[in-house]
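Student: sequence and predicted model, in that order:
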Amino acid sequence: MKNGFLIFLLFSFSFSAISQNTDINILKNINGNRNKKLDNTFVGISNSVAPVSIAIPIGVMAVGFIKHDSAIKNKGMFIGASLVLSVGITTGLKYIVKRPRPFVTYPYPIIDKVMSAGDPSFPSGHTTDAFATATSLSIAFPKWYVIAPSFLWACSAAYSRMDLGDHYPSDVLTGAIIGSGTTYLCYKANNWLQKRKRQK
């Protein structure tokens with residue numbers, strides 16, 4: 001698993017560096033041709049990521065405690081653990097790679113910064129959080145009426161980061177992979193631990 005993660009990091013960094021021209025061209029197209037009437041909507045979607053991602057595991061665990069249902073409590077803990085691990089990986093990568101924000105490297109009029117952002121660009125933390133939340137929620141409650149809105153919200157959050165000029169497409173793609181991939185690994189690890197407990 002360690003080797004696979006190192007290969008992923010190397011690939012992500014190489015992809016980011018090699019595709020810089022493609023990255024900025026796609027971003028210029030999205031950011032420059034955006035519907036400015038939707039700026040406030042996309043700012044709202046971006047701003048929803050942190051509170052929603054924190055509220056969901058807390059809410060699920062609260063329901064589990066109220067109902068005295070250990071299965072629901074475990075689902076809440078799984079959603080929370082997936083988010084924490086994803087955030088840790090993304091934060092670490094940000095300060096290892098230290099990629100400047102697109103609006104810093106390509107200031108206005110090339111990239112129109114609609115929403116301020118401070119930390120390094122690669123990968124997108126908002127996208128990581130949104131996809132970790134959507135994936136874990138979908139695994140915990142595999143119903144179409146949970147999965148569809150969860151991923152619609154996550155994809156909208158990811159798109160908003162480019163629309164607002166805060167992230168390159170490769171930042172967003174890598175964030176989505178980290179969020180979903182880390183959550184899936186947490187799910188498999190949890191299943192393995194539960195199996196070990198049953199065997200004992």
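Tutor: Received the coordinates, thanks.
Student: in the protein, which helix is the longest?
Tutor: Longest helix in the chain, counting residues (DSSP state H): helix 169-199.
Student: just give me how far it sits from the chain centre.
Tutor: Taking Cα atoms, centre = their mean, to the nearest Å, the mean C-alpha location of helix 169-199 is offset from the chain mean by 13 Å.
Student: next, the buried residues of that helix.
Tutor: When burial is assessed from 16 or more other Cβ atoms under 10 Å, helix 169-199 yields the following buried residues: 169-183, 186-187, 190. Just so you know, the C-beta spots here come from the backbone N, C-alpha and C atoms, and that holds for glycine as well.
Student: run through the residues that contact residue 75.
Tutor: 60, 64, 140, 141 (Cβ atoms under 8 Å, 6 or more residues apart in numbering).
Student: please compute how far the helix or strand hosting it lies from its chain's middle.
Tutor: Taking DSSP states H and E as the criterion, residue 75 maps to helix 70-97. Distance, stretch centre to chain centre, for helix 70-97: 10 Å (Cα atoms, centre = their mean).
Student: find the residue at the geometric middle of this protein.
Tutor: Geometric centre of the chain, nearest residue: residue 128, 1.4 Å, by Cα atoms, centre = their mean.
Student: and the angle for the strand or helix carrying it with helix 70-97?
Tutor: Here residue 128 is covered by helix 125-140, with elements defined by DSSP H and E. Taking axes from the mean of the first three to the mean of the last three Cα atoms, to 10 degrees, one finds that helix 125-140 is oriented at 150 degrees with respect to helix 70-97.
Student: report the buried residues of the host helix or strand of residue 25.
Tutor: Element membership for residue 25 (DSSP H and E) is helix 20-32. Buried residues in helix 20-32, counted by 16+ other Cβ under 10 Å: 23, 24, 27, 28, 30, 31.
Student: which pair of those residues spans the longest distance?
Tutor: Pairwise distances among those were taken by Cβ to Cβ; the largest, 11.9 Å, belongs to 23 and 31.
Student: the closest residue to residue 147 other than its chain neighbours: what's it in contact with?
Tutor: Closest residue in space to residue 147, ignoring its immediate chain neighbours: residue 138 at 4.4 Å, by Cβ to Cβ, 6 or more residues apart in numbering. Residue 138 makes contact with 146, 147, 150, 151, according to Cβ under 8 Å, 6+ apart.
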